[in-house]
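> Have a look at this prediction, sequence included:
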2 protein chains.
Amino acid sequence: MNVELAQTIERLGQNARRASRALSLATTDQKNAALLAIGRSIEQSAPEILAANAADLKAGQDLSSAMLDRLRVDPKRLQAIADSVRNVVLLADPVGETIKGWSRPNGLQISKQRIPIGVIGIIYESRPNVTCDAASLCIKTGNAVILRGGSESIRTNLALVEVLRSGCHQAGCPEDSVQLVSSTDRTGVKLLAQLDRYIDLIIPRGGRALIEAVVSSARMPVIKHFDGICHVFVDAEAQIGMATEIVINAKCQRPGVCNALETLLVHEKIAPKFLPACAEALWQQGVEIRGDQRTLSLLGEKVLPASEEDWRTEYLALILSVRIVRSLDEAIDHIEEFGSHHSDAIVTEDEFAAEKFLRSVDSAAVFWNASTRFNDGGEFGFGAEIGISTDRLHARGPMGLEELTSYKYTVRGNGHVR
Amino acid sequence: MNVELAQTIERLGQNARRASRALSLATTDQKNAALLAIGRSIEQSAPEILAANAADLKAGQDLSSAMLDRLRVDPKRLQAIADSVRNVVLLADPVGETIKGWSRPNGLQISKQRIPIGVIGIIYESRPNVTCDAASLCIKTGNAVILRGGSESIRTNLALVEVLRSGCHQAGCPEDSVQLVSSTDRTGVKLLAQLDRYIDLIIPRGGRALIEAVVSSARMPVIKHFDGICHVFVDAEAQIGMATEIVINAKCQRPGVCNALETLLVHEKIAPKFLPACAEALWQQGVEIRGDQRTLSLLGEKVLPASEEDWRTEYLALILSVRIVRSLDEAIDHIEEFGSHHSDAIVTEDEFAAEKFLRSVDSAAVFWNASTRFNDGGEFGFGAEIGISTDRLHARGPMGLEELTSYKYTVRGNGHVR
């Protein structure tokens, strides 16, 4: 274990805890002033940020072109980052909100109020916009944040965090409201995850190895932003045109995201009418189809055979697995067995089937006659999201400002004793 | 590692996951029928349960009398256990409740609905009533539960779980809704905590060693029910009579519980008038006082000197540490530094001071002119509680039926695509 790194991370934790106490008591105006200052600073520091990003791109020339694209910040993307920080100013501050209030028969007045969570650790991979998005949502909700981004974007992140800290400082909020783990040593992830003395919540966003590193070491609550093996079930009573549109949208509009479609389930009664045309439309979009035996028989040799592994795979690419099922129950069982409880949809005109599906499928968001792509904080009207939780406790599905808060009870009496 | 135990626990997990899916879809009537059947079975099986308890008491003859008392089940206590299960029938079922519903400008209808958490592991120490209380709250909320009680009460727990399972069976709910880890090997705790494939939440209730064993191995969310280092701050503007009553109640009414008072903070302006009489009342109740230097000067040699260790100690006994502070801010700082964020109170007539205290003290429940003993599910009106969470995420403070639920979004569209 790297002793120096351990000491550095311990110090980040102490600083964050101290900052969090002050930030938790900051007014909405103060927090908004910090966000506005950050927006200005991003624009003013554009040359430094772009230069840092150019250095990251140069150092990463061996990366795949997809990764380089995620890493790249150009003037337009930087403006979008600044605008996105300013957008958070416009959102309502959940801190201080009374969630519920009631009086007891003995006269005690109880009030349940939103408060910040405290200190949040966010561990993520390449995209530098996450640095500013995550930090601005944490600032707005009065949480101090410790960021640990990918090593490819370290120079860009250092430049962005400089700007974030200076914005906080300009508005009289603690600079240590935002800190970055500047070492790219992977041990840092484990060290952060062990620091439950100072960190109240860890949010890992990324692939299996990152999630596993966090989950196996974490002593504090973890809210994972993990995989989405999402399904659309085209029921016997589906409108064929609607079903095709939803399938195409869910699979093709943005195949690399967690709420994109991975497995299409089709009721055997509608399969002969629906599947050939839908497959044609998918092929036109460049989608590779992998099917079960019955799908192969129906669609012919353009379809590759699907193995059980396919049902468990999040392709994040223009590949779709397809299975024909005998019933609604078989579709539900398939989703419960192979899905990741993320986003699943039924297309049907049969209200009874739809309600059964909505009730029985245990996923963060279950859709009736709508694309799985709507499982998203923006589409839900949350204004912004820190991501989509694949966990069940505290936050499930799109995680907006409210999900970045905890609560406490304040109780007012008049000399009450038991 | 004990391979056989690992296999047993893996099987418990698989059974629980299977049961949880059926139980999550059970109607309120079915779940209530199971609870009523359990109440009847407890009464009918009284001879077996009392015999098992007698065997536990015999095996535990070397235990302290306090522990033996916690372990003992007599006919009256058994009746109370049955009544408490029936009480859960009367509580509203939170599952299926719409927490929030809204429409988006594009016409999508979004509804946030309570669902069961899934499978809950509860790890606790001696008292056998926890077995039935915890299981009945889990059944009511549609959660399968795996119980792991203390080794002293294993025979009683086995008898009780038999009754719980038979009650489920009689009502057509899965028997495996309730399971007990029948091995008292301590490795079992670690094995459970690693089983995130099947267990969605672990709730440990107990001392430091138990909590540490769970926190250091757990891969799933943990909601700790841990220590309460609770404070009462008697402000300069307190009513002296009210302050004395609250201090005596918070310290003496039930000193062994987590919301009992451990440290009294007194504003220096009121100390000379308040402390001598309050100390007299405490001594009459048999309370040992440990004070800081100024308290010693004021109260004389009946007071023992308090060390810094005292400020960090949960006595759970008739011992009280006392410190005189110069200001409200010093009181708040003391609580934030040494407290456990459980239950803290201010006694004052000064509304400004009270509101500052309520806002600044970051505890699960913060009281103004009321005893810390009110931090309790029953006193809050929750009807029942699984315990008092000392964590910040998902559930903080009294944990009732609502806190045993998660949620999902159901989204209804009309062919919506992005």
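Everything's here; your move. These numbers were taken from a predicted model, which means no experiment stands behind them. Residues are numbered from 1 along each chain as shown, chains lettered A, B, ... in the order given.

> Can you name the next helix or strand after whichever helix or strand A:I110 is part of?
If you go by DSSP states H and E, A:I110 is part of strand A:109-116. As assigned by DSSP H and E, the chain's next helix or strand after strand A:109-116 is strand A:119-123.

> Does chain B have contacts with that following strand?
No. On the criterion Cβ under 8 Å from any Cβ of the partner chain, strand A:119-123 is out of touch with chain B, staying 10.4 Å away. Glycine gets a C-beta too; all of them are placed from N, C-alpha and C.

> hang on, A:Y407 packs against B:R396?
Yes. Under the criterion of Cβ atoms under 8 Å, A:Y407 makes contact with B:R396 at 6.0 Å.

> So for the two, which sits in the more crowded spot?
More crowded of A:Y407 and B:R396, by other Cβ atoms under 10 Å in any protein chain shown: B:R396, with 24 against 19.

> pretty sure the more buried one contacts B:A364?
Yes. Between B:R396 and B:A364 a contact is recorded at 4.8 Å, counting by Cβ under 8 Å.

> anything in contact with each of these two?
Counting by Cβ atoms under 8 Å, 6 or more residues apart in numbering or on different chains, the residues touching both B:R396 and B:A364 are A:408, B:389.

> By residue count, tell me the biggest strand in chain A.
Taking DSSP state E as the criterion, chain A has its longest strand at strand A:405-416.

> can you pull out the helices in the stretch 51-200 of chain A?
A:65-71, A:75-90, A:129-140, A:154-170, A:187-194 (DSSP state H, counting those that start in this stretch).

> so which of those helices comes closest to chain B?
helix A:187-194 (9.4 Å; Cβ to the nearest Cβ).

> can you tell if the closest one touches chain B?
No. Helix A:187-194 lies out of reach of chain B by Cβ under 8 Å from any Cβ, never closer than 9.4 Å.

> by how many degrees do that helix and strand A:119-123 diverge?
If you take axes from the mean of the first three to the mean of the last three Cα atoms, to 10 degrees, helix A:187-194 sits at 150 degrees to strand A:119-123.

> check whether the following helix or strand past helix A:187-194 contacts chain B.
Once the chain leaves helix A:187-194, the next helix or strand it forms, by DSSP H and E, is strand A:201-204. Yes. Using Cβ under 8 Å from any Cβ, strand A:201-204 reaches chain B at A:L201.

> Point out the other helices and strands that strand A:201-204 packs with.
strand A:119-123, helix A:208-217 (3 or more Cβ pairs under 8 Å, 6 or more residues apart in numbering or on different chains; DSSP states H and E).

> Among those, which one carries the weakest average confidence?
Across the helices and strands packed on strand A:201-204, helix A:208-217 has the smallest mean pLDDT, namely a mean of 92.

> ok, and does the helix or strand that comes right after that helix reach over to chain B?
Note on helix A:208-217: by DSSP H and E, the next helix or strand toward the C-terminus is strand A:230-234. No. Using Cβ under 8 Å from any Cβ, strand A:230-234 never reaches chain B; the gap is at least 11.3 Å.

> so A:L298 sits in a strand?
No. Checked against DSSP: H, G, I helix; E, B strand; the rest coil, A:L298 lies outside a strand; its state is helix.

> which residues touch the closest residue to it other than its chain neighbours?
Distances taken as Cβ to Cβ, 6 or more residues apart in numbering or on different chains place A:L275 nearest to A:L298, at 5.6 Å, with adjacent residues excluded. Applying Cβ under 8 Å, 6+ apart to A:L275 gives the contacts A:266, A:295, A:298-299, A:322, A:324.

> Mind pulling the model confidence for A:L275?
Per-residue confidence (pLDDT) for A:L275: 98.

> Also the one 5 residues further on?
Predicted confidence (pLDDT) for A:E280: 97.

> what do you get for A:E125?
According to the prediction, A:E125 has pLDDT 85.

> ditto for A:M1
On pLDDT, A:M1 comes in at 60.

> do the same with A:V95
97.

> got the phi/psi numbers for it?
The phi/psi pair for A:V95 (degrees, to the nearest 10) reads phi -70, psi 130.

> most tightly surrounded among the helices and strands packed on strand A:201-204?
Greatest average neighbour count among these goes to strand A:119-123 (a mean of 27), per mean count of other Cβ atoms under 10 Å in any protein chain shown.

> With only the CA atoms kept, save it in CSV.
Backbone C-alpha positions of strand A:119-123 (Å, rounded to 0.1, in the frame of the first residue of the first chain) are rendered in CSV as follows:
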residue,chain,number,x,y,z
VAL,A,119,-19.4,14.2,1.6
ILE,A,120,-19.8,12.3,-1.6
GLY,A,121,-17.1,10.5,-3.5
ILE,A,122,-17.6,10.1,-7.3
ILE,A,123,-15.5,7.7,-9.2
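
> What helices and strands are in contact with that strand?
Using 3+ Cβ pairs under 8 Å, 6+ apart, strand A:119-123 sits against helix A:3-24, helix A:129-140, strand A:144-148, helix A:187-194, strand A:201-204.

> Sheet-wise, list the partners of the longest strand of chain A with their directions.
Sheet partners assigned to strand A:405-416 using DSSP bridges are listed as strand A:109-116 (antiparallel), strand B:365-370 (parallel).
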